[in-house]
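S.K.: Curious how this folds, go ahead:
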Amino acid sequence: MEVTRVCDLARLAGREVVLQGWVYNRTDKGKLCFLLLRDGSGFAQCVAFKGDLSIALFDQIIRLPQESAVRVKGIVREDKRAPGIPGGYEVSIQDLEVDSHAQSVVHLACARNCDGCSTRMARPEWLHRHGHAHPHAGRSRGHYNAF
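M.R.: Model (predicted):
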């Protein structure tokens, strides 16, 4: 089956697709797991429901670290609440293949000694929200090397 780009999901509601990309974020809610998958064209929410998948597959999904490269097969559903770029559509996961299992996200201790602060390299929006520059950006060297 041909790989679909995230930006094309809106015109494929109700159809089966295969997305290929990287796990940007994962949220576990017991019997549900939400993967925010990114490719070169945007972000899409993919939903795994424990009752629809084998135990082994659901267990694999809930343990996927950020930046793992995956292929997701599923049905596109319109849902105005679904986050993404473009938003409003999500993919109900039927199958998932891991192309490359990423290492766990690296946590860096904050030199500013913020209360319980640890910065996650894979989440630049979190860093900016908490007043940090992204660790890969050149302007952050002063922050981490100041102490």
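S.K.: pLDDT weak spots in the chain?
M.R.: 104-147 (pLDDT under 70).
S.K.: let's go with 50 and repeat that
M.R.: Low-confidence segments of the chain, defined by pLDDT under 50: 119-122, 134-147.
S.K.: quick check: longest helix of it.
M.R.: Scanning the chain for the longest helix, with DSSP state H as the assignment, gives helix 55-62.
S.K.: Convert it to PDB, keeping the C-alpha atoms and dropping everything else.
M.R.: Once non-C-alpha atoms are left out, helix 55-62 reads as follows in PDB (Å, rounded to 0.1, in the frame of the first residue of the first chain):
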ATOM      1  CA  ILE A  55      -1.800  -7.300  23.400                       C
ATOM      2  CA  ALA A  56       1.700  -7.400  22.000                       C
ATOM      3  CA  LEU A  57       1.100  -4.600  19.500                       C
ATOM      4  CA  PHE A  58      -0.600  -2.300  22.100                       C
ATOM      5  CA  ASP A  59       2.300  -3.000  24.500                       C
ATOM      6  CA  GLN A  60       4.800  -2.100  21.800                       C
ATOM      7  CA  ILE A  61       2.900   1.200  21.000                       C
ATOM      8  CA  ILE A  62       2.800   2.300  24.600                       C
END
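S.K.: In it, which residues are buried?
M.R.: Leu57, Phe58, Gln60, Ile61, Ile62 (16 or more other CB atoms under 10 Å). Every residue, glycine included, has its C-beta placed from N, CA and C.
S.K.: Outline the domain layout of this structure.
M.R.: 3-100, 107-145 (automatic domain parsing).
S.K.: Thanks a lot, see you next time.
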